[in-house]
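Visitor: predicted model follows, preceded by the sequence.
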Amino acid sequence: MVPPFRPYEARRNPLSTHANEVLLGVNIDHVATVRQARGTRYPEPIQAALVAEQAGADAITLHLREDRRHIQDRDVELLRGILQTRMNLEMAATAEMGEIAARLRPHDCCLVPERREELTTEGGLDLIANQAHLTEFCARLAEAGVRVSLFVDPEPAQLDAARAIGAPVVELHTGHYADAQTRETRAEALARIERAVEHGLSLGLQVNAGHGLDYDNVKPIAAIPGITELNIGHAIIARALFSGLDRAVRDMRAQIAVASRR
Ligand SMILES: CC(=O)[C@@H](O)[C@H](O)COP(=O)(O)O
Ligand SMILES: NCC(=O)COP(=O)(O)O
């Protein structure tokens, strides 16, 4: 039995010391990666989510992939009734996932592209090529009370399409910025993201960002005026292997807080 849907609350993290701090969504996918590596009952993603919330996460992000390589359906179902902050469920815009999202009604649902053979997400959704399907898909989720976010490359045309589709939120794919190998290419990628944030805000969209962000490269992104939330997972779970998850989340929050104070 899914508990009654609680309206989305713009819950501020109790640890936030500054009204305009960028929010942090902690992605727990790779806790489940370790579990799936041996098919054991541990590490428990539910425990990770609660530790992350207590350490200051404003939301918990989890990606229910079609191939279930890490997060499982039971993780989503159990967490839906337990989380104290917000569930941001990432998924592909398929019939199967649409049914799951409409039934479980996470606070947020971020639609992402998926290819079974990909190591990780490789780019943003092509909203222009899939506008009709995504318009209908997003409308159904909105009717269920789910706030939809679209994971897109930082391109003005994609943001225009997000506006046309009717999603209130976009998440800018920061993977090319994170993967940049030279100072120049990283500066170019950052400038693209800055322009995309400005364009998204001009369209009335909430602009989030994520993918490949770590304790170093997060700071220029968090410093961009107008970004609301960063979704970060792999780097936090990697640090948690040595520092513990509570510390890893607090450290990331501290990085974001310092960079985003305006
Ligand atoms: C959309 C995105 O960038 C991530 O949130 C996504 O979850 C990456 O997929 P993996 O977690 O499977 O690497
Ligand atoms: N949407 C990005 C996300 O949730 C986490 O991506 P990553 O930090 O694991 O690369």
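Guide: Ah, there it is. Numbers count the residues shown, from 1 in each chain. Ligands and ions are numbered 1, 2, ... in the order given.

Visitor: which residues of the stretch 101-250 of the chain lie near ligand 1?
Guide: Val112, Thr120, Thr121, Phe151, Gly210, His211, Asn231 (Cβ under 6 Å from any ligand atom). Glycine gets a C-beta too; all of them are placed from N, C-alpha and C.

Visitor: nearest to Glu44, of these?
Guide: Comparing these against Glu44 with Cβ to Cβ places Asn231 closest, at 20.9 Å.

Visitor: return the backbone torsion pair for the nearest residue to that closest one once chain neighbours are set aside.
Guide: Using Cβ to Cβ, 6 or more residues apart in numbering and skipping residues adjacent in sequence, the residue nearest Asn231 is Gly210, 3.5 Å away. Reported as degrees, to the nearest 10, the phi and psi values for Gly210 are phi 180, psi 170.

Visitor: rewinding a little: out of the residues of the stretch 101-250 of the chain next to ligand 1, which are buried?
Guide: Val112, Thr121, Phe151, Gly210, His211, Asn231 (16 or more other Cβ atoms under 10 Å).

Visitor: residues in contact with stretch 225-234?
Guide: 22-30, 58-59, 61, 88, 110, 120, 171, 197-198, 200-201, 206-214, 218, 221-222, 252, 256, 260, 262 (Cβ atoms under 8 Å, 6 or more residues apart in numbering).

Visitor: among the residues of the stretch 101-250 of the chain next to ligand 1, which two are most distant?
Guide: Thr120 and Asn231 (13.1 Å).

Visitor: what sits against Ala240?
Guide: By Cβ under 8 Å, 6+ apart, the neighbours of Ala240 are Arg247, Ala248, Val249.

Visitor: distance of it from ligand 1?
Guide: To ligand 1, Ala240 is 15 Å away according to Cβ to the nearest ligand atom, to the nearest Å.

Visitor: give me the element that residue is part of.
Guide: helix 234-243 (DSSP states H and E).

Visitor: which helix or strand contains the closest residue to Leu50 other than its chain neighbours?
Guide: Excluding its sequence neighbours, the residue lying closest to Leu50 (Cβ to Cβ, 6+ apart) is Ile82, at 7.2 Å. According to DSSP H and E, Ile82 maps onto no helix or strand at all.

Visitor: ok, Ile82 - contacts?
Guide: Taking Cβ under 8 Å, 6+ apart, one finds Ile46, Ala49, Leu50 in contact with Ile82.

Visitor: so what pLDDT did the closest residue to the second one other than its chain neighbours get?
Guide: Taking Cβ to Cβ, 6+ apart, and ignoring the residues beside it in sequence, Ala49 has Ile60 as its nearest neighbour in space, at 4.5 Å. With respect to pLDDT, Ile60 has a value of 98.

Visitor: now Val2
Guide: Reported pLDDT for Val2: 52.

Visitor: what does stretch 158-165 contact?
Guide: So stretch 158-165 is contacted by 124-128, 131, 134-135, 138, 150, 152, 170, 196, 199-200, 203-205 (Cβ under 8 Å, 6+ apart).

Visitor: quick one, strands of the chain?
Guide: With DSSP state E, the ranges of strands along the chain come out as 23-27, 59-63, 87-91, 108-111, 147-152, 169-173, 206-210, 227-232.

Visitor: about what we covered before: can you pull the residues that touch both of Thr120 and Asn231?
Guide: His211.
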